[in-house]
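Peer 1: here you go, sequence then predicted model.
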Amino acid sequence: MMSFKGGALLQKMKEQYPEKFVSVKEAFRHIHRGDRIFVGTGCGEPAFLVKSLIQYAEEQPKALVDAEILHIWTLGVAPYTDQKFRQNFRHNAFFIADNTRSAVNRGIADYTPIFLSEVPDLFNRRIIPIDVALVQVSLPDKFGYMSYGINVDIVKSAVRNANLIIAQINAHMPRVLGDSFVHMKEVDFFVPYDEPLLEYKPAVPDELSRGIGRYVARLVEDSSTIQVGYGKIPSAILSSLEGKRDLGIHTELLSDGMVRLMQKGVVNNSQKSIHRDKTVAAFCMGSKDTYEYLDDNPQIELHPVEYTNNPLIIARNKKMTAINTALEVDLTGQVTSESLGFTFYSGIGGQADFMRGATLSEGGKTIIALPSTAQGGNVSRIVPFLQRGAGVTLNRGDVHYIVTEYGIAYLHGKNIRERALSLISIAHPKFRPWLLEEAKEYNLIFRDQKFIPGSKGQYPEELEIYRTTKVGLEILLRPIKLPDEPLLKQFFYSLSDRTIYKRFASARADMSHERLQEFVAIDYSKETVLLATVKRGVREEVIGVGQYAIDGATNMADPAVVVRDDFQNRGVGRMILEYLTELAQKHGLLGFDGEVLFDNQALIHLLEKMNFTTEKRLEEGVYRIKITF
């Protein structure tokens, strides 16, 4: 609540500007019929002024006629959307909230789709002129400056362009630093009224959200600058980043989760390219504790959205990582975050601003995270094509990664066929057969594309492991999956003729789609194909392949290992074979039984070094080797 010093300053300002301190009714008498009235955003909404405005309209219905209410997003009450006030108000949202969605879709309120970064320009150029601004501010300082507190976003430009400014001075509003101040002489009327600020508390993350968060955390590098949206999944993502180091924040929304990362030292902004050592945001939606943390905190600056959301400003941050959610993604990589078919749901907001800025950033990444299903698991969020009527919030070139609870699909630089297979692989298993058939129908993938449905074709992510070879090379050993066909093709054609012959006992030098499918579309219950990969920037490169197929009659397996020529004699083959053996033992196999060419001494040597009973006999240039576990 108001400190003694704050109260004394306010009293001094009342004496200096007596004509500005009036009753709320007196202030509202200066609003005219047909005025366009801007209301402050989100948790910074001047709740008392809004309630008083509605009460004023009820008491004097002819004084307020055909007024238009403008704001980005409201968390508070929105009684002006009630039909009984249809003669008084028409609501126009730049972003649709829960409490205005029904009115917009019933046609009794409006939605203006626009990039959030461009809204101030609508005001500045008077494309949308502002007649009245209702805002909430902090107590004045000794110089007469008040902070917009937790919401600067488009509030500052609305006030700058408004003909009439009515400000609710609230002792609960923190004094937040940055480009966030307005002087008392710029405001027409003040209504001091102390009330707790609105708070935003997302649902507690569940295991599904935490699973998505863990996948996203894999993609966020140390020293990255991050932007994260709002909701249950973003909260889980932020919790999953607690093991990172030296993160920075340049975001639209500052949330409780981000503040916790600051308090734990995960975010220190020390490696940011611009605004080093500062967290930069446009507005905050969170809890009372977060608002108190923001108060006069020199680590945090709030700026207008024309700055925070400017893609060219965003792009100046190296390793800018934009993380957002979506309603629906199609197999070509189009994303909607604002509508479901013909139903307007939210808005463009700042998502496109940050995704475009991150793509321009050096080392930047764009990530869309969403559950694989909706409506209790009855609807797939990954669809063949966006629903008729849906708005394309992000086009096919905006998104690098799509993440669900089933994994990560990397889309950047991929063709439509590769994108479709990658997205099908992270869709909910029960929708994958349908997606596959739809993709074939529309020629998004090969019409003969093989697919193993059900649990037998479910990618066993738990088998992914990192190992370090004898020469210190770190490799990822993981099962193969359907989208790996291009990787495997590239690997095969990187092999020398001699290596191909030793592995396949053939001089055949082609690896067609039909042949590659034998490796990538597998029944994990009957065979195992392992890839040994290394990272080349964001690209994964295959340097070795190991596999075995189970003989159901003997409960034995026939193993095979091949390593790229430039990685041979570096311990890669040994790592692959050891892990194949480990997996075979876990699956209850009795051992390995297979044939190896006499020339393939490297594999023979590896097999002989295993600490198991080994039988070996040579027949016509081929060794028959049997290993019992």
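Peer 2: Yep, that arrived.
Peer 1: in this protein, spot the strand with the most residues.
Peer 2: strand 539-551 (DSSP state E).
Peer 1: just the C-alphas of the helix or strand just after that strand, formatted as PDB.
Peer 2: Next helix or strand after strand 539-551 toward the C-terminus (DSSP states H and E): strand 556-563. What follows is strand 556-563, C-alpha atoms only, in PDB (Å, rounded to 0.1, in the frame of the first residue of the first chain):
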ATOM      1  CA  MET A 556      19.400 -65.100 -31.500                       C
ATOM      2  CA  ALA A 557      20.200 -62.000 -33.700                       C
ATOM      3  CA  ASP A 558      22.300 -61.300 -36.700                       C
ATOM      4  CA  PRO A 559      24.400 -58.200 -36.000                       C
ATOM      5  CA  ALA A 560      25.900 -55.700 -38.500                       C
ATOM      6  CA  VAL A 561      28.000 -52.600 -38.000                       C
ATOM      7  CA  VAL A 562      29.200 -50.000 -40.600                       C
ATOM      8  CA  VAL A 563      31.200 -46.800 -39.900                       C
END
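Peer 1: tell me the strands beside strand 556-563, with direction?
Peer 2: strand 539-551 (antiparallel), strand 591-597 (parallel) (DSSP bridges).
Peer 1: list the helices and strands whichever helix or strand comes after the last one packs on?
Peer 2: Toward the C-terminal end, the helix or strand that comes next after strand 591-597 (DSSP H and E) is helix 601-608. Using 3 or more CB pairs under 8 Å, 6 or more residues apart in numbering; DSSP states H and E as the contact criterion, the neighbours of helix 601-608 among helices and strands are strand 556-563, helix 572-586, strand 591-597, strand 613-619, strand 622-628. Heads up, the C-betas are built off the backbone N, CA and C, glycines and all.
Peer 1: any idea how far stretch 16-29 is from the middle of the chain?
Peer 2: Distance of stretch 16-29 from its chain centroid, counting by CA atoms, centre = their mean, to the nearest Å, is 45 Å.
Peer 1: that one: which residues count as buried?
Peer 2: Y17, K20, F21, V22, V24, A27, F28 (16 or more other CB atoms under 10 Å).
Peer 1: quick one: contacts of it?
Peer 2: Here stretch 16-29 makes contact (CB atoms under 8 Å, 6 or more residues apart in numbering) with 14, 48-49, 52-53, 56, 63-64, 144, 166, 184-185, 187-192.
Peer 1: emit the PyMOL select command for whichever of those residues are buried.
Peer 2: In PyMOL, this line selects whichever of the contacts of stretch 16-29 come out buried by 16+ other CB under 10 Å:
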select buried, resi 48+49+52+53+56+64+144+166+184+187+188+189+190+191+192
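Peer 1: now the helices for the stretch 401-550 of the chain?
Peer 2: Ranges of helices in the stretch 401-550 of the chain, per DSSP state H, counting those that start in this stretch, are 416-425, 432-441, 485-494, 497-504, 513-520.
Peer 1: could you export the fourth one as PDB, CA atoms only?
Peer 2: The C-alpha coordinates for helix 497-504 follow below in PDB (Å, rounded to 0.1, in the frame of the first residue of the first chain):
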ATOM      1  CA  ASP A 497      33.100 -48.900 -52.300                       C
ATOM      2  CA  ARG A 498      35.300 -51.100 -50.100                       C
ATOM      3  CA  THR A 499      33.200 -50.200 -47.000                       C
ATOM      4  CA  ILE A 500      30.000 -50.900 -48.800                       C
ATOM      5  CA  TYR A 501      31.200 -54.300 -50.000                       C
ATOM      6  CA  LYS A 502      32.300 -55.300 -46.500                       C
ATOM      7  CA  ARG A 503      29.000 -54.300 -45.000                       C
ATOM      8  CA  PHE A 504      26.600 -55.500 -47.700                       C
END
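Peer 1: now, the contacts of stretch 16-29 that are in helices?
Peer 2: K14, F48, L49, S52, L53, Y56 (DSSP state H).
Peer 1: tell me the pLDDT at the nearest residue to the fifth one once chain neighbours are set aside?
Peer 2: Leaving aside its sequence neighbours, L53 sits nearest to F28 (CB to CB, 6 or more residues apart in numbering; 6.5 Å). The predicted local confidence for F28 comes out at a pLDDT of 96.
Peer 1: ditto for the one 5 residues further on
Peer 2: Note on R33: pLDDT of 92.
Peer 1: tell me how many other residues crowd it.
Peer 2: 11 (other CB atoms under 10 Å).
Peer 1: what of N395?
Peer 2: 13.
Peer 1: my read is that it contacts Q334, right?
Peer 2: Yes - under the criterion of CB atoms under 8 Å, N395 makes contact with Q334 at 6.4 Å.
Peer 1: what does the domain assignment say about this structure?
Peer 2: Domain segmentation of the chain under automatic domain parsing yields 4-192, 207-244+311-449, 457-628.
Peer 1: just to revisit the earlier point, can you lay out the ones in helices among the contacts of stretch 16-29 as a markdown table showing distance to I382?
Peer 2: Listed next are these as a markdown table, based on distance: CB to CB, whole Å:
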| residue | distance to I382 |
| --- | --- |
| K14 | 59 |
| F48 | 45 |
| L49 | 44 |
| S52 | 47 |
| L53 | 44 |
| Y56 | 49 |
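Peer 1: tabulate these (CSV), appending distance to D497 and pLDDT.
Peer 2: Putting those into CSV (distance: CB to CB, whole Å; pLDDT from 0 to 100) gives the following:
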residue, distance to D497, pLDDT
K14, 90, 85
F48, 80, 95
L49, 79, 95
S52, 84, 94
L53, 81, 93
Y56, 86, 92
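Peer 1: show me which of those residues is closest to Y501.
Peer 2: Ranked by distance to Y501 (CB to CB), these are led by L49 at 80.9 Å.
Peer 1: and of the strands paired with strand 556-563, who's closest to V137?
Peer 2: strand 539-551 (50.1 Å).
Peer 1: show me where the stretch 251-400 of the chain has its helices.
Peer 2: 256-263, 288-294, 305-308, 311-314, 351-360.
Peer 1: what sits up against the fourth one?
Peer 2: Outside helix 311-314, the residues within contact range by CB under 8 Å, 6+ apart are 117, 227, 250, 274, 307-308, 320, 322, 353-354, 356-358, 360-361.
Peer 1: any idea of the mean pLDDT for that helix?
Peer 2: 98.
Peer 1: may I see the buried residues of that helix?
Peer 2: Neighbour-count burial for helix 311-314 [16+ other CB under 10 Å]: P311, I313, I314.
Peer 1: now do the second one against A97, distance only.
Peer 2: I313 sits 27 Å away from A97, going by CB to CB, to the nearest Å.
Peer 1: ok, and the closest non-adjacent residue to E199?
Peer 2: In space, and not counting its chain neighbours, E199 is closest to S287: 5.3 Å by CB to CB, 6+ apart.
Peer 1: cool, M320 as well?
Peer 2: S361 (3.6 Å).
Peer 1: pLDDT wise, what is the one you found at?
Peer 2: With respect to pLDDT, S361 has a value of 97.
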